[in-house]
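Novice: Have a look at this prediction, sequence included:
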Amino acid sequence: MIEFENLFYTYPCSQKPTINNLSLHIKEGKRYGLIGNNGSGKTTFLRLANGLYQPSKGVVSSYGKPLKYDRQSLKLWYQRVGLVFQDPEQQLVATTVEEDLSYGLCNLGKSNTEISHRVTQTLQDFNLEDLAHFPVNYLSLGQKKRLAIADVMILKPKILLLDEPTAYLDPKQRKELIKQLEHIFQEGTTILLATHDLDFIYRWADWIFVMDRGKIALQGTPDEVFEQKEILEELDLDIPLELKLSKGKK
Ligand SMILES: Nc1ncnc2c1ncn2[C@@H]1O[C@H](COP(=O)(O)OP(=O)(O)OP(=O)(O)O)[C@@H](O)[C@H]1O
Ligand SMILES: [Mg+2]
């Protein structure tokens with residue numbers, strides 16, 4: 001569905017590439033987890049995947065067709081590959097919830113009738129109806145995160161990328177978010193999310209990529225990945241609590 005081949009990316013003021021020969025393939029209809037230590041390049045990769053950054057070398061392609069970085073191609077790409085930032089403040093742009101949801105569709109030049117229809121539907125899907133006219137600034141963090149996902153999903157992307165969606169959420173909000181993601185997945189959207197929440201990713205993902213110093217160090221099903229104790233230890237990565245407990249019982 002989307003292929004990343006031998007990507008390199010160096011930040012303008014940096015000496016070394018942050019993304020350093022990274023290759024990764026995403027197939028339709030799967031749940032992907034992206035894990036790795038602080039600074040391993042997860043957020044940078046998500047920005048490359050969404051087309052916000054252009055690799056200095058390597059190819060990003062969809063069904064074998066390379067992404068071009070002209071305005072029109074990028075506009076289509078952003079629609080197909082949606083990215084939810086870690087910090088919802090970076091995503092939310094308008095004054096009220098309803099206006100915020102309309103923003104992306106306005107930019108795409110959709111008709112008022114279509115915008116109104118999709119906003120109503122999305123408010124329902126994301127349980128935001130009661131907050132439709134509420135100022136975005138006054139939302140709780142959990143509500144802001146929910147709105148940031150709704151902002152992306154209203155554009156009906158084929159693949160949803162999320163940067164640490166469960167970070168800083170209390171257990172109840174975390175549970176609700178996981179339920180929401182499952183619903184989005186069941187409706188037909190492929191999901192790839194970066195996280196430090198190993199307990200969640202172990203249970204949720206079909207496939208896990210482990211990043212280290214700008215490339216994929218390890219990948220496989222959750223069981224395959226967390227079996228690789230030596231590699232994980234080398235990368236200073238922990239294993240999910242569930243596995244630790246089951247090991248303790250043996
Ligand atoms: N705007 C920037 N300019 C220069 N260097 C940057 C910039 N943003 C990130 N970096 C560097 O790129 C490297 C990778 O950062 P990135 O945020 O992609 O890692 P990450 O895996 O998402 O980390 P975390 O788990 O802490 O979110 C880090 O060394 C970081 O300092
Ligand atoms: Mg990050």
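Specialist: Looks like it came in fine. Ligands and ions are numbered 1, 2, ... in the order given.
Novice: and this structure, which residues reach ligand 2?
Specialist: Neighbours of ligand 2 within the chain, by C-beta under 5 Å from the ion: Lys42, Thr43. For glycine as for every other residue, the C-beta is placed from the backbone atoms N, C-alpha and C.
Novice: nearest residue to Gly64 other than its sequence neighbours?
Specialist: In this structure, Gly64 finds its nearest non-sequential neighbour in Glu3, 7.5 Å apart by C-beta to C-beta, 6 or more residues apart in numbering.
Novice: Just confirm the one you found is within a strand.
Specialist: Yes - looking at Glu3 with DSSP: H, G, I helix; E, B strand; the rest coil, it is inside a strand.
Novice: Need the single longest helix in the protein, by residues.
Specialist: Under DSSP state H, the helix in the chain containing the largest number of residues is helix 171-186.
Novice: Contacts for stretch 211-222 next, please.
Specialist: Stretch 211-222 has contacts (C-beta atoms under 8 Å, 6 or more residues apart in numbering) with 9, 17-24, 33-37, 40-42, 44-45, 201-203, 205-210, 225, 228, 231-232, 235.
Novice: Which ones among those residues also lie next to ligand 1?
Specialist: Restricting those to those adjacent to ligand 1 (criterion: C-beta under 6 Å from any ligand atom) gives Thr18, Gly36, Ser40, Gly41, Lys42, Thr44.
Novice: Would you check which pair of the residues you listed lies furthest apart?
Specialist: The most widely separated members of these, counting by C-beta to C-beta, are Thr18 and Gly36 (12.1 Å).
Novice: Neighbour count for the two, which is higher?
Specialist: Legend: neighbour count by other C-beta atoms under 10 Å for Thr18 and Gly36, higher for Gly36 (24 against 20).
Novice: Now the closest residue to that one other than its chain neighbours, what are its backbone angles?
Specialist: What sits nearest to Gly36 in space, not counting adjacent residues and going by C-beta to C-beta, 6+ apart, is Met211, at 3.3 Å. The phi and psi torsions at Met211 (degrees, to the nearest 10) take the values phi -100, psi 140.
Novice: rewinding a little: specify which member of the ones next to ligand 1 among the contacts of stretch 211-222 is nearest to Gly142.
Specialist: Closest approach between these and Gly142, by C-beta to C-beta: Lys42, at 21.9 Å.
Novice: Count the neighbours of that closest one for me.
Specialist: 22.
Novice: gap between Thr190 and Val60?
Specialist: Thr190 sits at a distance of 15 Å from Val60 (criterion: C-beta to C-beta, to the nearest Å).
Novice: same deal with Leu147?
Specialist: Here the criterion is C-beta to C-beta. By it, Leu147 lies 28 Å from Val60.
Novice: in its sheet, what does the strand or helix carrying Leu160 sit against?
Specialist: Per DSSP states H and E, Leu160 falls inside strand 159-163. Looking at strand 159-163 with DSSP bridges, its partner strands are strand 81-84 (parallel), strand 190-194 (parallel).
Novice: How far away from the center of its chain is it?
Specialist: Averaging C-alpha coordinates over strand 159-163 and over its chain gives two centres that are 2 Å apart (C-alpha atoms, centre = their mean, to the nearest Å).
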